[in-house]
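S.K.: With the input below, show me the fold.
(one chain, ligands or ions: 1)
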Amino acid sequence: MKLSRLVIGVALISAGLALSCSAQNPPPFDGARAYAILQKQCDFGPRVPGSAGHRSCRDYLVTALRGYAAQVSTQEFIHTFGQPPQSARATNIIANFQPEKGERILLCAHWDSRPWADQDPDPANHSKPILGANDGASGVAVLLEITRLIRQKPPRCGVDIVLFDAEDQGLEGAESSYARGSQHFARTVVPTFRPRFGILLDLIGDANLNIYQEHYSLNYARPVVEKVWNAAAALGVTEFIPQPGYAVYDDHVPLLQRGIPCIDIIDFDYPPWHTLADTPDKCSPASLEKVGRVVLQVLYSE
Ligand SMILES: [Zn+2]
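M.R.: Prediction:
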């Protein structure tokens, strides 16, 4: 994802947005299990489309989700990125829980990692791929652990989990070169897919966790932001800070542009961002657990 200064054109979100399903106690979230899933993804190496690590990680994620979800599908597309341009097969991975239910919540994250450490302090590293422990693997880790829990104890709403590919192959100054998996999903699936709301997780594993409210989320899906930060406050998770932070062009933006009120939970204050230092030791089980607990609280609340 990238910091954004542009104003996007966004369809108006329905003012009558109702978020409630009905209340249940959420199952306990296990940060250590989530951290092991983060580590597992990093063990494949960088997950750049076209690479062996990318193929192996895709197979792992599909297999893992098939162990939990009622239905799992993949959405493949040809992804062109970089300068000079290269093409590779990219894959969004979609898991549906209780697909018969009409009331649905979307949870999403990106599973690819960036091909270039272009923020690395050493220019010699700028053309090397990052490991993406926080930038990619952290959000996926929390969602995979959530899939295990909602299989054991289904919430009253249906849940759709989408792992987007090709989020992080964008070029500086070209927003639309980011979030390609989400753009593809928004063009092809969203016209017939209307979840009540969505939550995107990105950069949520930092051991030094501080999650401010992201600007596009506030501007176009404020009731969802308030719901999530209220859930965090109720749980005493003070790392969710109820103040505006950055505007980030991320996978939620193409969804917002199609009228899905999807927010981005993102901790953009992460010094190893887009450097070779984005490794598992910068992340912590405790941070994953805090975010997982907040998301579960929202899923099972009301
Ligand atoms: Zn990134």
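
S.K.: check which helix or strand covers the residue nearest to the spatial centre of the chain.
M.R.: Per Cα atoms, centre = their mean, the C-alpha nearest to the average position across the chain is that of A109, at 2.0 Å. According to DSSP states H and E, A109 maps onto strand 104-110.

S.K.: in its sheet, what does that strand sit against?
M.R.: Strands that pair with strand 104-110, judged by DSSP bridges, come out as strand 158-164 (parallel), strand 197-202 (parallel).

S.K.: Buried residues, the longest one. List them.
M.R.: The neighbour-count check on strand 158-164 (16 or more other Cβ atoms under 10 Å) flags G158, V159, D160, I161, V162, L163, F164 as buried. All C-beta spots, glycine's among them, are computed from the backbone N, C-alpha and C.

S.K.: List the residues that contact the closest residue to Y178 other than its chain neighbours.
M.R.: Take Y178 and drop its neighbours on the chain: the residue closest to it by Cβ to Cβ, 6 or more residues apart in numbering is G170, 3.4 Å away. Contacts for G170 were tallied using Cβ atoms under 8 Å, 6 or more residues apart in numbering; they are K2, F81, S177, Y178, A179.

S.K.: Those in strands, which ones?
M.R.: Using DSSP state E, the subset of those located in strands is K2, F81.

S.K.: By pLDDT, rank the contacts of G170 and give me the bottom one.
M.R.: Least confident entry in the contacts of G170, by pLDDT: K2, with 70.

S.K.: what sits against it?
M.R.: Residues near K2 by Cβ under 8 Å, 6+ apart: G170, E172, E175, Y178, V248, Y249.

S.K.: for G139, same thing?
M.R.: Neighbouring residues of G139 by Cβ under 8 Å, 6+ apart: A109, H110, L200, L201, D202, L203, I204.

S.K.: Assign the closest residue to the second one other than its chain neighbours to helix, strand or coil.
M.R.: Setting aside the residues directly before and after it, H110 is nearest to E167 in space (Cβ to Cβ, 6+ apart), at 3.4 Å. The three-state label given to E167 by DSSP: H, G, I helix; E, B strand; the rest coil is coil.

S.K.: And the helix or strand containing W229, what's buried?
M.R.: Following DSSP H and E, one finds W229 within helix 215-235. Neighbour counts over helix 215-235 (16+ other Cβ under 10 Å) mark 216-221, 224-225, 227-232 as buried.

S.K.: again with stretch 109-121
M.R.: For stretch 109-121, burial by neighbour count (16+ other Cβ under 10 Å) applies to A109, H110, W111, D112, S113, R114, P115, W116, A117, D118, Q119, D120.

S.K.: do stretch 37-47 as well
M.R.: I37, L38, K40, Q41, C42, F44, G45, P46, R47.

S.K.: Stretch 46-60 now?
M.R.: Buried-residue list, stretch 46-60, by 16+ other Cβ under 10 Å: P46, R47, V48, P49, S51, G53, H54, C57, R58, Y60.

S.K.: thinking again about what came up before, what would the strands paired with strand 104-110 look like in TSV with distance to the ion?
M.R.: Converted to TSV, these look like this (distance: least, Cβ to the ion, whole Å):
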stretch	distance to the ion
strand 158-164	12
strand 197-202	8
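
S.K.: what about the residue in the stretch 151-300 of the chain that the ion sits nearest to, distance to D118?
M.R.: Proximity of the stretch 151-300 of the chain to the ion (Cβ to the ion) peaks at D168, 4.1 Å away. Using Cβ to Cβ, to the nearest Å, D168 is found at 11 Å from D118.

S.K.: Same check on K40?
M.R.: Taking Cβ to Cβ, one finds K40 at 26 Å from D118.

S.K.: D206 now?
M.R.: D206 is 20 Å from D118, where distance means Cβ to Cβ.

S.K.: Next: C57.
M.R.: On the measure of Cβ to Cβ, C57 and D118 end up 22 Å apart.

S.K.: Quick check: which ranges of the stretch 1-150 of the chain have low pLDDT?
M.R.: Counting by pLDDT under 70, the stretch 1-150 of the chain shows low-confidence ranges at 1, 3-22.

S.K.: which bits of the stretch 51-200 of the chain sit near the ion?
M.R.: D135, D168 (Cβ under 5 Å from the ion).

S.K.: give me that answer again for 8 Å
M.R.: The stretch 51-200 of the chain has residues S113, R114, I130, G132, D135, G136, E167, D168 near the ion, with proximity defined as Cβ under 8 Å from the ion.

S.K.: could you dump the residues you listed to JSON lines with distance to T279?
M.R.: Shown next, in JSON lines, are those (distance: Cβ to Cβ, whole Å):
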{"residue": "S113", "distance to T279": "11"}
{"residue": "R114", "distance to T279": "13"}
{"residue": "I130", "distance to T279": "9"}
{"residue": "G132", "distance to T279": "9"}
{"residue": "D135", "distance to T279": "11"}
{"residue": "G136", "distance to T279": "12"}
{"residue": "E167", "distance to T279": "19"}
{"residue": "D168", "distance to T279": "16"}
